[in-house]
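Engineer: Sharing a model that was predicted from the sequence below.
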Amino acid sequence: MIPRRAAIASIAAITVMAVLALARPAACESAATTPAPTLSVQVRRSLAHDPAAFTQGLVFHQGALFESTGLYGQSTLRRMDPQTGGLLALARLPGRLFGEGLALAPERPGAAPRLVQLTWREGVILTYDPDSLRQTARHRLRDQGWGLAWDGARLYLSDGTDTLRLLEPRAFAETGRLAVRENTRPVRELNELEWVEGWLLANIWGQDRIAVIRPPGAQDAGQVAAWLDLAPLRRDLAPEAEAANGIAYDPRTRALYVTGKRWDRTFVLDLPTLLTHPPDKPRR
Ligand SMILES: [Ca+2]
C-alpha cells in the first residue's frame, strides 16, 4: 500500500510530466517556425571600391584589406588601403582561372599565415605570400569553391550549397561538414564567409543580408542566429552594383568591412551587439 503523502506526490509528478509533454510539441513548433531576427547595421564610414571588381573574397590582415575578384580573364588578388580603399598591389590570375574565396591561414601552428585563394570550378587552390602577393603553392580542390574563412584552427569553405566544408590548413583535406539551417529550413547558396568573434558570417548569393551562423562547438551549431540587413546600403551605391559579397573584420577596431560585386563603395560597419560576445556553448 502506498502512503497517502507519497501517492499525492506521485500524482503531482505525473501531472507535471503530462503538462510538460503537452507543452513540448507547441514549444518546438513555435521555435521551428520563428525566423531569425533581422538586425540593422550602423555605418561608421565608407571608402572607395573599384566598381569593376567582381568581389569574391575580402579579408583584413595586419592593417591591410585583401580582395579576391572573379570572372575569366579578369580575376585578381589585391591589397588595399583600408582607410581610402586605394589599390596598393595587384596580382592577376591566369585567364582560365576564376578567383573565389580568400582567407589567411598558416600551414601549421606557429607559421606565418599565407593567403589562400579558391577558384570556382577549376579544382585549384592557390596560396600567396601576403607581403609580395607572390604565389607560393598550388593545391587540388574537390568540387566548387565559393567562400573561405579561417577560425584560427580550421578553414570553412562554401560551395553554393547549404553545407560548409571544414578543411585542415596544410593540404586542405576535408575534416567535417556543417549544415546551415534557419530552424529546419536549409540556407542555400552560402557565399563569401568571415569569422567574427566566434561567429561565422556568410553572404547569401543574390541577397542583401548576411547570415550570422552558430559554428561547430556552439549550441545549435549550424543555426542562423540572426540576419544583418545590408539593403539600406544600396542608397549610397551606383545602380550598377551587383550582389553583396565581401565581408572582412578588423578585430583591433572591431569594424566589419562589407562590399559587393561591382560596388563602388566599401562600408565600414560597427560590430553588431550580438557579435560582441561569442555564441553560447552547448548546455550539459
Ligand atoms: Ca571574408
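Structural biologist: Arrived safely, thanks for sending. In this text the structure is predicted, and so the values were computed from the model without any measurement. Numbering: from 1, shown residues only.
Engineer: Find the closest residue to the ion in the stretch 151-284 of the chain.
Structural biologist: Residue nearest to the ion within the stretch 151-284 of the chain (CB to the ion): Glu194, separated by 3.9 Å. All C-beta spots, glycine's among them, are computed from the backbone N, C-alpha and C.
Engineer: what number of residues lie near that residue?
Structural biologist: By other CB atoms under 10 Å, the residues close to Glu194 number 27.
Engineer: What separation do you get for the residue lying closest to it once chain neighbours are set aside and Ser158?
Structural biologist: Closest residue in space to Glu194, ignoring its immediate chain neighbours: Ile247 at 3.9 Å, by CB to CB, 6 or more residues apart in numbering. In this view, Ile247 and Ser158 are 12 Å apart by CB to CB, to the nearest Å.
Engineer: So what are the sheet partners of the helix or strand harbouring the residue nearest to Glu194 and their directions?
Structural biologist: If you go by DSSP states H and E, Ile247 is part of strand 244-250. Strand 244-250 sits in its sheet next to strand 255-260 (antiparallel), going by DSSP bridges.
Engineer: got the residues of the stretch 51-200 of the chain near the ion?
Structural biologist: Leu58, Val59, Glu194 (CB under 5 Å from the ion).
Engineer: Point out where the stretch 151-284 of the chain drops to low pLDDT.
Structural biologist: 284 (pLDDT under 70).
Engineer: which parts of the strand holding Ile247 are buried?
Structural biologist: Judged by neighbour count using 16 or more other CB atoms under 10 Å, the buried positions of strand 244-250 are Ala244, Asn245, Gly246, Ile247, Ala248, Tyr249, Asp250.
Engineer: Likewise for stretch 65-73?
Structural biologist: Going by neighbour count (16+ other CB under 10 Å), the buried part of stretch 65-73 is Leu65, Phe66, Glu67, Ser68, Thr69, Gly70, Leu71.
Engineer: how much distance is there from the strand holding Ile247 to the middle of the chain?
Structural biologist: With CA atoms, centre = their mean, to the nearest Å as the basis, strand 244-250 stands 9 Å off its chain's centre.
Engineer: Can you show me the CA trace of it as PDB?
Structural biologist: Extracted in PDB, the C-alpha atoms of strand 244-250 (Å, rounded to 0.1, in the frame of the first residue of the first chain):
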ATOM      1  CA  ALA A 244      26.600  41.900 -51.900                       C
ATOM      2  CA  ASN A 245      29.600  39.700 -51.500                       C
ATOM      3  CA  GLY A 246      32.600  40.600 -49.300                       C
ATOM      4  CA  ILE A 247      33.000  40.600 -45.500                       C
ATOM      5  CA  ALA A 248      36.200  41.300 -43.600                       C
ATOM      6  CA  TYR A 249      36.800  42.000 -39.900                       C
ATOM      7  CA  ASP A 250      39.400  44.100 -38.200                       C
END
